[in-house]
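**Student:** model this:
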Amino acid sequence: MQHAATSTQVGATGPVYLDCNATAPIEPAVLEEMHRLWSEVPGNAGSRTHEYGLQAKKAVQRAREQVASVVRAEPEDVLFTSGATESNNIALLGLVAHADGENRRHIVSTAMEHKAVLEPLEELEKRGFEVSLVHPDASGTVSAEAVASVLRPDTILVSIMHANNETGILQPLDEVADFLGDRPAYFHVDAAQGFGKDLKPLRNGRIDMISVSSHKIYGPVGVGCLIVRRRSFRRPPLKPISFGGGQERGLRHGTLPVPLVAGMGLAAEIAGRDHAIRRERCMEIRSDALDALSPLGIRLNGDPERAMPHVLNFSVEGVDAEALMVALKDLIAVSNGSACTSQSYEPSHVLAAMGLPGPAIAGAVRVSWCHMTPDVDWLAVSRRIAALA
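**Tutor:** I've put the predicted structure just below:
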């Protein structure tokens, strides 16, 4: 099968880049559009007195439409941010004043969330909130029934990720939404890893807030959004967590980086358009990888039936992850966990929450690719790993 390549040919002259869950290569068409805007449209989207400002504003509005269409939201639901981390912070911390006023200070989340959710939750606990963290089972999935079992009358928010960043395991968003029903609790989804890749669940109108990062959908780093839907004609009553400027309905202040925003919009549009083609290419790479690695007796961490097609998290008995990555560094570039915590060399909190044994956690590596990934010599990879076992 022929497949696209990035303008920088990632992996063509060195090890093949297989850490796309950390950050992904940029689509050439997105890069081209950003260059055009940088060179031709210097205007501020907030400037209304000249044509350059109007062009910038049109580019931003177009991006809102492109992003919203992926999840069937309205363009005005899209608030641009610096990325999913900031979006998560606004979604969680922005509800504090309303929660205090309603005397509803209980939040439900999961023990395997990204630190961009877990750390704001820790801050909320310091402010007197009670947080219930539901643990996944060994499949890497949180049970919707387990989430429902900890809901209370004073639950203000349920926050559950779309797909786990370390295992790629999809979570049962539709089932959780069904349990929530007409309860007043808001439903937030950190969709950094699933937006534009697993389309249907995020189109569920019971999801009130969705956090997105551009660089996970082959757009630029440094931009993202929080999608804030209306439910019963009302949006979640968020308050800003920073101040100055009034942009993005007063919830996210600062001059919008128009080329980045437009790049994200185009990346979202392409993701929706080419979803099936991209999935096919990713499944092809996955099949080739498993054909070569399975004879080694690898342990797949998480249910492969619920995994995104572009992610493998696996362990090899008797092989430490650090040794494996060193042995493979001239062939493939991979990770042993979240890019935000990998330098700490602490055991994965995700795999620990799943109840995996210590050796499996210590040996776990995450391999993640995309539709632009060139062919990998998986047999060479397999031989290197076999030499370590």
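**Student:** from here on, contacts and neighbour counts on C-alpha atoms
**Tutor:** Noted.
**Student:** At which residues are the helices of this structure located?
**Tutor:** All helices of the chain, identified by DSSP state H, fall at 28-40, 51-71, 84-93, 96-102, 115-126, 144-149, 173-180, 258-273, 275-293, 321-328, 349-353, 358-362, 378-388.
**Student:** and the angle for the second one with helix 28-40?
**Tutor:** Angle between the axes of helix 51-71 and helix 28-40 is 160 degrees (criterion: axes from the mean of the first three to the mean of the last three C-alpha atoms, to 10 degrees).
**Student:** what do you get for the fifth one?
**Tutor:** Orientation note: helix 115-126 sits at an angle of 70 degrees relative to helix 28-40 (the same axes, to 10 degrees).
**Student:** any idea of the mean pLDDT for helix 115-126?
**Tutor:** Averaged across helix 115-126, the pLDDT comes to 98.
**Student:** now that helix, how far from the centre of its chain.
**Tutor:** Relative to its chain's centre, helix 115-126 lies at 17 Å (C-alpha atoms, centre = their mean, to the nearest Å).
**Student:** Can you name every helix or strand that that helix contacts?
**Tutor:** The helices and strands touching helix 115-126, judged by 3 or more C-alpha pairs under 8 Å, 6 or more residues apart in numbering; DSSP states H and E, are helix 84-93, strand 130-134.
**Student:** For residue 289, which of these is the nearest?
**Tutor:** helix 84-93 (29.7 Å; C-alpha to C-alpha).
**Student:** Give me the residue ranges of the protein where confidence is low.
**Tutor:** Applying pLDDT under 70 to the chain flags residues 1-12, 337-345.
**Student:** Tell me, domain by domain, which residues of it belong where.
**Tutor:** Structural domains annotated on the chain: 16-27+275-388, 29-272, as defined by automatic domain parsing.
**Student:** okay if I get these as TSV plus mean neighbour count?
**Tutor:** Converted to TSV, the domains of the chain look like this (neighbours: other C-alpha atoms under 10 Å):
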stretch	mean neighbour count
domain 16-27+275-388	19
domain 29-272	20
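**Student:** on that earlier part again, do you know which of the helices of the chain lies nearest residue 165?
**Tutor:** Within the helices of the chain, the stretch nearest residue 165 is helix 349-353; the backing value is 9.1 Å (C-alpha to C-alpha).
**Student:** and the closest one, how far out from the chain's middle?
**Tutor:** 18 Å.
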